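What follows is a predicted protein model with its sequence.
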Amino acid sequence: MSEPQHRALIVGATGISGQALCRETLAQGWTTYGLSRSGKTPVDGVTPVAADLLDTASLTDALAEVNPDIVFFTAWMKKDSEKENIEVNSATLRNVLDVLGPSGTVNHVALMTGLKHYLGPFDAYGDAVMAETPFHESEERLDTPNFYYAQEDELFAGADKYDFTWSVHRAHTISGFAVGNAMNMVLTLSVYASICAELGTPFVFPGSDTQWNGLTDLTDADLLAEQMVWASSNDNGKNEAFNIANGDVFRWRWMWPQFAEMFGVEPEGYDTEPRPLEPRMADAAETWTRIAATHDLVEPDVTKLASWWHTDGDLGRDMECLTDMNKSKKAGFLGFRSTPDGIASVVQRYRDARLIP
């Protein structure tokens with residue numbers, strides 16, 4: 001007997017996670033709709049939907065004929081305070097559920113969050129008593145406001161009100177191929193390494209002593225998509241929260257030289273204090289314009305490729321970040337990725353797309 005034909009709505013379809021979900025649902029043969037503010041989708045085969053998540057009238061009009069049975073929610077908006085993050089990101093999810101819920105077509109909603117569930121929000125990052133590493137889904141919430149908690153509560157309330165199942169997926173730093181999305185550490189580091197090669201300067205690790213010497217892990221965007229799709233159609237995945245990471249661990253002092261080798265630059269490790277990218281890349285725009293012209297790249301605007309602050313945040317953390325995957329494995333999701341192989345594959349995909357030299 002063939003699997004049922006699903007109609008999937010991916011909210012945040014232009015993000016790195018959303019684009020991976022678009023590819024995965026299409027590979028499963030599902031009818032796929034991708035919602036974004038712009039109404040654009042970088043993935044062929046996805047039906048684009050344009051809507052403002054904070055405008056219920058806009059959502060109602062845009063989603064009138066979609067009738068999805070599975071909803072993947074990966075969108076979020078960064079504001080200046082956690083209070084604002086909670087207000088806005090609760091509203092976006094609540095609005096989608098309230099627009100779609102009354103039709104009765106939605107059977108499952110999968111929500112992507114992240115490790116700030118265990119580490120604390122931007123306003124109190126690492127200040128509260130953090131969960132023990134490796135992070136387990138059974139840990140109690142931290143005693144501090146967090147928009148991830150608020151989104152979970154909206155999800156639970158929507159499930160009770162509209163009778164659908166749910167899943168929550170807590171990713172670490174996401175590595176993957178995405179066009180038009182700068183919140184991507186691998187692409188940012190690739191741009192940085194390319195600039196170092198152009199200028200003949202060393203490839204300096206920008207982060208903390210803890211991140212250089214300590215163990216950490218990453219989440220491949222394609223693996224995240226696989227887990228979210230699995231949970232949406234597997235009884236063991238429903239009404240559960242799952243961590244999602246590649247399944248291996250590494251130290252940046254081991255990975256950094258490998259990354260440098262892919263770009264032919266000289267690696268330089270942590271030395272005394274962090275050397276963040278954002279202040280050091282102040283003149284990157286002019287250099288990147290020259291690199292793009294020399295190598296016939298498709299994007300000469302470095303701000304559309306690299307997010308210095310985002311990578312500084314990930315690599316500058318003065319805390320250990322490790323993710324336990326036993327709950328997911330016990331439930332039957334056995335997917336994994338080799339992080340070194342995954343990074344090398346993503347770099348090659350960016351080269352093939354002529355986004356980096």
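Alright, I've got the coordinates.

going forward, measure contacts between C-alpha atoms and count neighbours the same way
OK.

okay, how far is it across stretch 228-236, tip to tip?
Terminal residues of stretch 228-236 lie 12 Å apart, using CA to CA, to the nearest Å.

Go through that stretch and flag the buried ones.
By neighbour count with 16 or more other CA atoms under 10 Å, stretch 228-236 contains the buried residues Met228, Val229, Trp230, Ala231, Ser232.

Which strands and helices lie in contact with the longest helix along the chain?
When the chain is parsed with DSSP state H, its longest helix is helix 82-100. When contacts are defined as 3 or more CA pairs under 8 Å, 6 or more residues apart in numbering; DSSP states H and E, helix 82-100 sits against helix 56-62, helix 147-162.

what sits up against stretch 26-39?
5-14, 22, 25, 41, 45-53, 66 (CA atoms under 8 Å, 6 or more residues apart in numbering).

Where strands are concerned, which of the residues you listed count?
If you go by DSSP state E, those have Arg7, Ala8, Leu9, Ile10, Val11, Thr47, Pro48, Val49, Ala50 in strands.

Tell me how many other residues surround Asp283.
Close neighbours of Asp283, defined as other CA atoms under 10 Å, add up to 9.

separation between it and Pro145?
From Asp283 to Pro145 the distance is 37 Å (CA to CA).

from the buried residues of stretch 228-236, which single one is nearest Asp61?
Ser232 (25.6 Å; CA to CA).

Look up phi and psi at the nearest residue to the closest one once chain neighbours are set aside.
Leaving aside its chain neighbours, Ser232 sits nearest to His108 (5.9 Å; criterion: CA to CA, 6 or more residues apart in numbering). Reported as degrees, to the nearest 10, the phi and psi values for His108 are phi -150, psi 140.

Could you do Val204 as well?
Per-residue torsions, Val204: phi -90, psi 130 (degrees, to the nearest 10).

Okay, and the beta partners of it?
Judged by DSSP bridges, the bridge partners of Val204 are Glu268.

That one and Gln258: what is the separation?
With the distance defined as CA to CA, Val204 ends up 13 Å from Gln258.

Same question for Lys116.
28 Å.

before we move on, the earlier item: just the closest of the ones in strands among the contacts of stretch 26-39 to Asp318, please.
Closest to Asp318 out of the ones in strands among the contacts of stretch 26-39 is Val11 (32.3 Å), distances taken as CA to CA.

contacting residues for that closest one?
Contacts of Val11 were listed using CA under 8 Å, 6+ apart, and they are Gly18, Gly34, Leu35, Ser36, Val71, Phe72, Phe73, Thr74, Ala75.

Quickly run through the sheet partners of the helix or strand encompassing the fifth one, with directions.
Yep, that's Val71 we're talking about. Assessed by DSSP states H and E, Val71 sits inside strand 70-73. Strand 70-73 pairs in its sheet with strand 7-11 (parallel), strand 108-114 (parallel), by DSSP bridges.

any chance you could map the strands in this protein?
Listed in chain order, the strands of the chain (DSSP E) span residues 7-11, 31-36, 47-50, 70-73, 108-114, 165-171, 174-175, 203-204, 215-216, 219-220, 240-244, 250-251, 267-268.

Now do the residue nearest to Leu59 when sequence neighbours are not counted, the pLDDT please.
Excluding its sequence neighbours, the residue lying closest to Leu59 (CA to CA, 6+ apart) is Ala51, at 5.4 Å. Each residue has a pLDDT score; the one for Ala51 is 96.

Ala51: how many residues sit nearby?
Per other CA under 10 Å, the neighbour tally for Ala51 reads 21.
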